[in-house]
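[1] sequence unknown, structure follows:
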């Protein structure tokens, strides 16, 4: 745990999120705002935030070979890393702030599941 995520994000070039499950992925949103190249597993809310080869790289959760290949791609190709990181920042700004994200994405998701699981 850190109090100021900017301390961490300002020290890295590539952000990796190899989650097997992720409800929304706030850290993905943060990495996008900090203009980082992102490699993440294609689960939950992550796959709603990342478009493969546009603003990040996705791989199937648990696929270590794909994660490794994605890392090598970004380590060996600074142009691609720059392309993805700039697009990540643009997409974060286009998506709006946290209030917009909560109101337009997260609350409707909870409402949908609450209705589906409601017992009469």
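    Here it is on my side, so go on. On a predicted model such as this, the values are computed, not experimentally measured, just so you know.
[2] So what touches stretch 95-107?
    Defining contact as Cβ atoms under 8 Å, 6 or more residues apart in numbering, one finds that stretch 95-107 is touched by 24, 29, 45, 48, 49. Quick note: C-beta positions are derived from backbone N, CA and C, even for glycine.
[3] The third one contacts residue 25, correct?
    Yes - in this structure residue 45 lies within contact range of residue 25 using Cβ atoms under 8 Å: 4.7 Å.
[4] When those two are compared, which one has more neighbours?
    residue 25 (22 against 19; other Cβ atoms under 10 Å).
[5] Check the gap between the nearest residue to residue 74 once chain neighbours are set aside and residue 115 for me.
    Of all residues not flanking residue 74 in the chain, residue 81 sits nearest, at 4.7 Å (Cβ to Cβ, 6 or more residues apart in numbering). Residue 81 sits 42 Å away from residue 115 when distances are taken as Cβ to Cβ, to the nearest Å.
[6] So for the two, which residue has more residues nearby?
    A count of neighbours by other Cβ under 10 Å puts residue 81 above the other of residue 81 and residue 115, at 18 against 8.
[7] Distance-wise, check residue 58 relative to residue 32.
    14 Å.
[8] Neighbour count for these two, which is higher?
    Between residue 58 and residue 32, residue 32 has the larger neighbour count (other Cβ under 10 Å), namely 24 against 19.
[9] in which helix or strand would I find that one?
    helix 26-33 (DSSP states H and E).
[10] after the worst-scoring helix or strand of the chain on mean pLDDT comes which helix or strand?
    Lowest on mean pLDDT, DSSP states H and E among the helices and strands of the chain sits helix 98-101, with a mean of 72. Where DSSP H and E defines the elements, the next helix or strand beyond helix 98-101 is helix 107-116.
[11] Show me what the mean pLDDT comes to for that following helix.
    For helix 107-116, the mean pLDDT works out to 78.
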